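Enquirer: below: sequence and its predicted model.
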Amino acid sequence: MMSILQLRLIWRRLSLRLSWPAMLFLVMAQSFVTYLLFCLAGEDALVANPIEFIYYNMVVVSTVGFGDLSPSTDLGKAIVSFYQIPSGLIIFASFISKMTQLFIDIARRNMHGNNDFSHYQQHILLLCWDKYSTAQIIALILADKKRRHRDILLCVTDDMENPFPEITEISFVKISSFSDAKELERIALKEAARIIINGKSDDETLSIALSIATNSDNKANISAHFFDKEKAKLLKTHCPQIECSLDNSAQMMVRSMQDPGSSQVAAQLFSTLRGATLYCLQVPQGTPSCLFSDLFTHLKKQHQMILIALSSFKNGDEMQLNPHKDVQVKAGDHLHYIADERFFAEELLWLDKK
C-alpha cells in the first residue's frame, strides 16, 4: 500500500507535466461540473449569479471558508462533501504547485542566463564580464539619474551565474558565442541602442567588436576598451563607427606629477556619482548656426553649462577641444560639456529661442 506522502509526490509530478492549457481545462471542468451538480440539486442561491458561484467555488477549494455562502439542501451538502472539496483541493493544489514551479524556473533561468531577450528594444548591452570593472560600469550607468530609461543586459560566455541578482535593472544572459547568429538574436543585438565591449584582453575585445559590428544597428553607440593602441587603431580601420577608449593610467600618473590634482579632476569628470560631470548632446536639426563663443556664453548663463569640445561625428572623430571662439557650431554637431546634470537638447534654450 502506498502512503499518502507517496501519492502526493506522484500527483505532484503528474501535475507538473501537465501543460498550461490542460491545467486550465481541469480548473474549468471542475467548476462546470460543480455548477451542473448544484443546478440539479436545486441550489438556486449558489448558481443564480455566475460571478457569485465562481467566488463561492474558489473559497471552498482554497479552504478559506468564509461561510457567507453554503448549500442549503442535503444533496447540495453531499455534493460539497464528496465531490467539490476533494476534486477542488486536488486541482487547486496542482495549480499552486505548477505556479510555484513556474516562478522557480523563471528565477533559475535568470540566474543561469537562459532567458530569451529577443523582445528587447533600445537597450544597453554590456558584453563580457570582468569582476573588477563590470560592477563599476553598472554603478556609473545607474548613477546617471537623468538617463533615458533603457533595459540593461549583461551578456557573457563564461560559465557563471548572474553576479547581480539583487539589481532589478540588470538582466543576465549567457551565450555560447558572440559570433553565433541565433545567440545574437537572443540578445536582440540589432535592436540595441548602446553597446559596451569590455573583454578580458584586447584580443577578445577586438574579436567581439569585429563580430558584432556588421550585425548591430548603424545608429547604435558602440564603445570598446583597449590597452594596446595598435589594436584600437586596427578596429577603427575596419569599424570606424566604433568609439575606442584607451587605458591612460601612465599618462594620468605623469600628469598628476606635473600638475597635482589632475587625477581628481579627471576622475570627477568621468564619474556620474558626484559633482559636475562630462556629458554630450547633439545640436538639434533646424538650429541656426552660431559662433562657438556666443553659444558658450549663452549656455553658461542660461543653464550653467561649460562647453569644452565640438565634433561633427558621434564617435568623437576630428574632435576640437577648446575650439577657437570663431568656430561655427551647426545643427548635427556633437557638443561635449560639463554640468551638474545631464541636459537633453529639447530642454535647452538655444540662441534662436526667446
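Expert: Ah, there it is.
Enquirer: find me the pLDDT at the residue of the chain most remote from its centre, would you?
Expert: Counting by Cα atoms, centre = their mean, the extreme residue of the chain relative to its mean C-alpha position is residue 74, 57.6 Å from that point. Each residue has a pLDDT score; the one for residue 74 is 92.
Enquirer: name the helices or strands packed onto the longest helix seen in the chain?
Expert: Residue-count comparison of every helix in the chain, with assignments taken from DSSP state H, identifies helix 85-112 as the longest. Applying 3 or more Cβ pairs under 8 Å, 6 or more residues apart in numbering; DSSP states H and E, we find helix 85-112 packed against helix 4-17, helix 20-40, helix 50-61, strand 170-174. (Glycine included, C-beta is placed from N, CA and C.)
Enquirer: who's in contact with the shortest one?
Expert: For strand 170-174, contacts defined as Cβ atoms under 8 Å, 6 or more residues apart in numbering pick out 110-115, 117, 138, 151-160, 162-165, 186-187.
Enquirer: among those residues, name the ones in strands.
Expert: Using DSSP state E to define strands, the subset of the contacts of strand 170-174 located there is 152, 153, 154, 155, 156.
Enquirer: from those, pick the one nearest residue 27.
Expert: Comparing those against residue 27 with Cβ to Cβ picks out residue 153 as the nearest, at 35.7 Å.
Enquirer: list the contacts of that closest one.
Expert: 117, 120, 123-126, 170-173, 187-188, 192.
Enquirer: verify the contact between residue 37 and residue 79 for me.
Expert: Yes. Residue 37 lies in contact with residue 79 (Cβ atoms under 8 Å); the separation is 4.8 Å.
Enquirer: residue 34: neighbour count?
Expert: Around residue 34 there are 23 other residues, counting by other Cβ atoms under 10 Å.
Enquirer: quick check: it touching residue 84?
Expert: Yes. In this structure, residue 34 sits in contact with residue 84. The criterion is Cβ under 8 Å, and the distance is 5.1 Å.
Enquirer: find residues that contact each of those two.
Expert: If you check residue 34 and residue 84 against Cβ under 8 Å, 6+ apart, the residues they both contact are residue 57.
Enquirer: what's in contact with stretch 319-333?
Expert: Counting by Cβ under 8 Å, 6+ apart, residues outside stretch 319-333 touching it are 282-287, 289-293, 295-296, 308-312, 335-336.
Enquirer: for that stretch, what is the distance to the chain centroid?
Expert: 36 Å (Cα atoms, centre = their mean, to the nearest Å).
Enquirer: ends of that stretch, how far apart?
Expert: Taking Cα to Cα, to the nearest Å, the span from the opening residue of stretch 319-333 to its closing residue is 11 Å.
Enquirer: list the buried ones in that stretch?
Expert: Within stretch 319-333, the residues that count as buried by 16 or more other Cβ atoms under 10 Å are 323, 329, 333.
Enquirer: got it, and stretch 225-238?
Expert: For stretch 225-238, the buried set under the neighbour-count rule, 16+ other Cβ under 10 Å, comprises 225, 226, 231, 232, 234, 235, 236.
Enquirer: so the first one makes contact with residue 204?
Expert: No. Counting by Cβ under 8 Å, residue 225 stays clear of residue 204, with 10.9 Å between them.
Enquirer: look up how far residue 153 lies from the nearest residue to residue 312 once chain neighbours are set aside.
Expert: When the adjacent residues along the chain are set aside, residue 312 lies closest to residue 333, with 5.8 Å between them (Cβ to Cβ, 6 or more residues apart in numbering). Look at residue 333 and residue 153: by Cβ to Cβ, to the nearest Å, they are 31 Å apart.
Enquirer: over to residue 292?
Expert: To residue 153, residue 292 is 38 Å away according to Cβ to Cβ.
Enquirer: ok, residue 62 next?
Expert: According to Cβ to Cβ, residue 62 stands 38 Å off from residue 153.
Enquirer: in strands, which of the buried residues of stretch 225-238 fall?
Expert: When the buried residues of stretch 225-238 are checked against strands using DSSP E, the ones located there are 225, 226.
Enquirer: between all of the buried residues of stretch 225-238, which two are separated the most?
Expert: Pairwise distances across the buried residues of stretch 225-238 (Cβ to Cβ) peak at 14.5 Å, for the pair 225 and 234.
Enquirer: now stretch 57-77 - C-alpha only, CSV.
Expert: These are the backbone C-alpha positions of stretch 57-77, laid out as CSV (Å, rounded to 0.1, in the frame of the first residue of the first chain):
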residue,chain,number,x,y,z
ASN,A,57,-16.2,27.8,-5.5
MET,A,58,-12.8,29.4,-5.1
VAL,A,59,-13.5,30.0,-1.4
VAL,A,60,-14.3,26.3,-0.9
VAL,A,61,-11.5,24.7,-3.0
SER,A,62,-8.9,27.0,-1.4
THR,A,63,-10.1,26.0,2.1
VAL,A,64,-10.5,29.7,3.0
GLY,A,65,-14.2,29.1,4.0
PHE,A,66,-15.7,32.5,4.7
GLY,A,67,-19.1,30.9,5.4
ASP,A,68,-21.1,33.6,3.8
LEU,A,69,-22.4,31.2,1.1
SER,A,70,-23.2,27.5,1.6
PRO,A,71,-25.5,24.7,0.3
SER,A,72,-29.0,24.5,1.9
THR,A,73,-30.1,21.1,0.7
ASP,A,74,-28.9,17.7,1.8
LEU,A,75,-28.0,16.8,-1.8
GLY,A,76,-26.0,20.0,-2.1
LYS,A,77,-24.1,19.3,1.1
